[in-house]
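Peer 1: Give me a 3D structure for the following:
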Amino acid sequence: MRADAGSAGSAGSAGAAGAWRESRTMPWLRVMGLGSVYAKTFRDSRRAALVVGGVAGLFMLGTGAPFGTAAEFSTIELRQQFVNAILALPLALRGLLGEPIDLEHLGGFLSWRIGNTLPVVFGLWSVIALSGTLAGEAAKGSLDLLASTPLSRRSIALQKLGGHITALALAMTIFALMTWQVGQRFARLPGDEISLGAAFGQAVLFGFLMLASGSVAFAAAPFLGRTRALGLGLIALFGSTLIHAYASLSPLIEALTPLSWETWTAGHRPLAGVMDWPSVGLLALACTLLLAVGVAGFERRDLGSAVALRWLRLPSLPAGIGGPLRRQAADRTSVALAWGLGVGLYASLIIASADAFARSIGSLPQIVALVRQIYPDIDFSQPSGILQLTFFGFASLMVSLAGASFVAAWSSDETGGRLAVVMSAPLGRARWMIASGLGVMAAIVITTVTLATIVGAAVLTQGGDLATPVAGTAIIGLASAAFAGIGLAVGGVLRASLAAPAAGLAAITTFLLDTLGAALKLPDPVLQLSLFKHLGQPMAGAFDPVGIVAAVVLALGGLVVGAWGLQRRDLDR
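Peer 2: Take a look at the predicted model:
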């Protein structure tokens with residue numbers, strides 16, 4: 001996703017500078033917007049915007065279709081029984097879903113079921129894009145050419161920022177229109193209809209929630225550099241959500257709730273008929289102030305400079321010139337640890353509530369029957385069973401997106417022009433591809449080991465079986481390696497700039513097939529394309545050898561295919 005999410009690479013800045021020069025002699029380019037940094041930034045982000053808006057809309061469609069058509073929700077009495085069962089679950093487990101408001105109707109159910117999840121998943125786009133749109137290019141020196149034009153630094157920063165915000169607005173417009181259509185097509189009972197205004201009101205909230213974490217990264221980037229700004233953005237993204245969701249578990253967490261913008265806007269749920277526009281305005285103001293700090297920092301500091309804060313740094317491998325494998329692993333270690341720590345924190349909170357969840361499930365025979373139909377062999381008295389039910393799908397997507405981000409960093413060697421210099425040494429293309437690709441896999445291993453360590457420690461505190469969830473975590477890492485292998489194959493055979501989008505798209509498509517395919521009544525051959533469907537239920541100890549072998553083949557085969565392809569094409573320019 002990085003090639004689309006980032007505002008531009010070195011070629012992007014050079015292209016923008018060239019466009020500015022052309023606009024001096026061809027003024028009509030400015031009229032069309034083709035001669036501006038803003039237009040170039042938006043053009044580079046448009047594909048990511050279409051993907052984010054479309055996939056977010058598909059989540060609404062896949063969640064709303066069953067609610068509007070299934071017999072279990074055909075009357076208000078049946079819906080009320082479902083709501084009562086949901087409210088009986090422990091707060092620790094339904095915390096991430098937010099406050100249940102008007103669950104008896106379609107809009108309220110959609111707002112509750114995925115209203116707090118989507119801004120987290122797709123907020124990654126804004127964090128990655130805004131952490132690198134200025135700092136990443138400045139560190140590589142690719143902004144020097146653009147800064148040599150009469151454009152002021154403030155203008156460059158504002159135009160790049162405006163391009164991303166426009167792309168975000170496009171994504172949320174697509175999401176709002178699809179949400180509105182879900183309400184029109186699947187309304188069954190009075191009150192199920194979703195107005196266009198409510199759909200756009202929810203989209204505005206989602207847009208600002210996604211932008212908020214990106215704004216933290218954008219504000220920090222001119223001072224701390226891209227990597228640390230990315231880390232702060234991810235902390236803000238996950239931390240704000242977890243603080244809001246689990247404030248009731250600890251007085252310490254509750255004391256942090258003023259820092260959570262999900263808490264600020266908890267009363268704004270337009271799909272459920274509840275409005276709190278002042279809270280959204282407060283969030284918009286916070287985003288504006290953070291973005292202003294980022295613009296001012298870029299304007300006043302030397303290009304590419306960063307403050308050395310050794311305390312704000314995760315451990316990393318020693319860097320050096322020991323080859324592409326060592327360099328890739330060293331460069332990715334701190335980010336890989338951050339991914340493992342973030343997802344592991346979420347897992348530990350789920351494990352801590354496992355006993356309460358098991359008791360609540362046991363007291364609701366209708367829920368027990370429903371869960372047994374889907375997971376007949378899972379023991380929900382063990383933390384491993386709870387992890388399979390509530391954690392495996394989310395963690396698989398997050399770790400797979402982490403793998404896609406490592407592929408994006410790998411591809412920057414070629415798209416940034418560094419690989420051409422490396423290839424001037426006596427180093428074969430195939431050897432470089434295999435070694436650097438193994439460096440990507442090493443980063444995935446570091447993320448997986450970190451996650452497994454946290455999961456294992458949390459399970460031990462609950463007295464559960466240690467081996468099963470740790471082995472299940474290894475399968476999550478294997479799936480991530482498989483998607484990374486797809487990206488490396490595409491990058492090697494076609495072009496490096498397509499590697500990360502291919503890995504990210506494969507992960508997101510697989511997740512959608514696995515979670516929404518049945519609800520959308522897709523043909524079984526299409527559903528079988530999901531890799532997650534063939535991994536079994538690994539967190540609960542049920543492993544599918546076919547899926548495991550397929551993941552290994554995709555991971556290692558991707559390296560081999562990528563090495564073969566890189567020898568037969570020109571390097572990206």
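Peer 1: ok, F186 - contacts?
Peer 2: If you count contacts by C-beta atoms under 8 Å, 6 or more residues apart in numbering, F186 has them with 64-65, 67-69, 106, 192. All C-beta spots, glycine's among them, are computed from the backbone N, C-alpha and C.
Peer 1: which residue sits closest to it, ignoring its sequence neighbours?
Peer 2: G68 (2.8 Å; C-beta to C-beta, 6 or more residues apart in numbering).
Peer 1: The one you found is in contact with E193, isn't it?
Peer 2: No: using C-beta atoms under 8 Å as the test, G68 is too far from E193 to be in contact (10.7 Å).
Peer 1: Overlap in contacts, the two.
Peer 2: With C-beta under 8 Å, 6+ apart, G68 and E193 have common neighbours 106, 187.
Peer 1: Which residue of the two possesses the greater neighbour count?
Peer 2: It is G68, of G68 and E193, that has more neighbours when counted by other C-beta atoms under 10 Å, with 19 against 15.
Peer 1: Which pLDDT value belongs to the more buried one?
Peer 2: Predicted confidence (pLDDT) for G68: 73.
Peer 1: how near is it to L513?
Peer 2: For G68, the distance to L513 (C-beta to C-beta, to the nearest Å) stands at 21 Å.
Peer 1: what do you get for A502?
Peer 2: Going from A502 to L513 by C-beta to C-beta gives 16 Å.
Peer 1: And those two? Which one has more around it.
Peer 2: Neighbour count, other C-beta under 10 Å: between A502 and L513, A502 has more, with 23 against 20.
Peer 1: Which element, helix or strand, includes the more buried one?
Peer 2: helix 499-516 (DSSP states H and E).
Peer 1: quick one: the helix or strand that that helix is followed by to chain centroid distance?
Peer 2: Per DSSP H and E, the first helix or strand lying C-terminal to helix 499-516 is helix 524-527. Put simply, helix 524-527 sits 25 Å off its chain's centre (C-alpha atoms, centre = their mean, to the nearest Å).
Peer 1: model confidence over helix 524-527, on average?
Peer 2: Here the average pLDDT along helix 524-527 is 79.
Peer 1: same question, stretch 151-158
Peer 2: Per-residue scores along stretch 151-158 average to 80.
Peer 1: What segments of the stretch 451-573 of the chain are strands?
Peer 2: 536-537, 542-543 (DSSP state E, counting those that start in this stretch).
Peer 1: Single out the most deeply packed of the ones you listed.
Peer 2: strand 536-537 (a mean of 19; mean count of other C-beta atoms under 10 Å).
Peer 1: and that strand, which strands flank it?
Peer 2: Strand 536-537 sits in its sheet next to strand 542-543 (antiparallel), going by DSSP bridges.
Peer 1: which other residues reach stretch 256-270?
Peer 2: By C-beta under 8 Å, 6+ apart, stretch 256-270 touches 98-99, 101, 108, 111, 115-116, 197-199, 201-202, 205, 208-209, 212, 239-241, 243-245, 247, 274-277, 279-280, 282-283, 286.
Peer 1: Return the set of buried residues in it.
Peer 2: 256, 260-266, 268-270 (16 or more other C-beta atoms under 10 Å).
Peer 1: nearest to V549, of those residues?
Peer 2: Closest approach to V549 among those (C-beta to C-beta): E262, at 40.9 Å.
Peer 1: right, and S74 touches D192 too?
Peer 2: No: the pair S74 / D192 is not scored as a contact, 11.6 Å apart, by C-beta under 8 Å.
Peer 1: Looking at those two, which has the bigger crowd around it?
Peer 2: Set S74 next to D192 and count neighbours by other C-beta under 10 Å: D192 wins out with 20 against 13.
Peer 1: Model confidence score at the residue nearest to the more buried one when sequence neighbours are not counted, please.
Peer 2: Nearest residue to D192, sequence neighbours excluded (C-beta to C-beta, 6+ apart): L106, at 4.0 Å. Reported pLDDT at L106 in the predicted model: 86.
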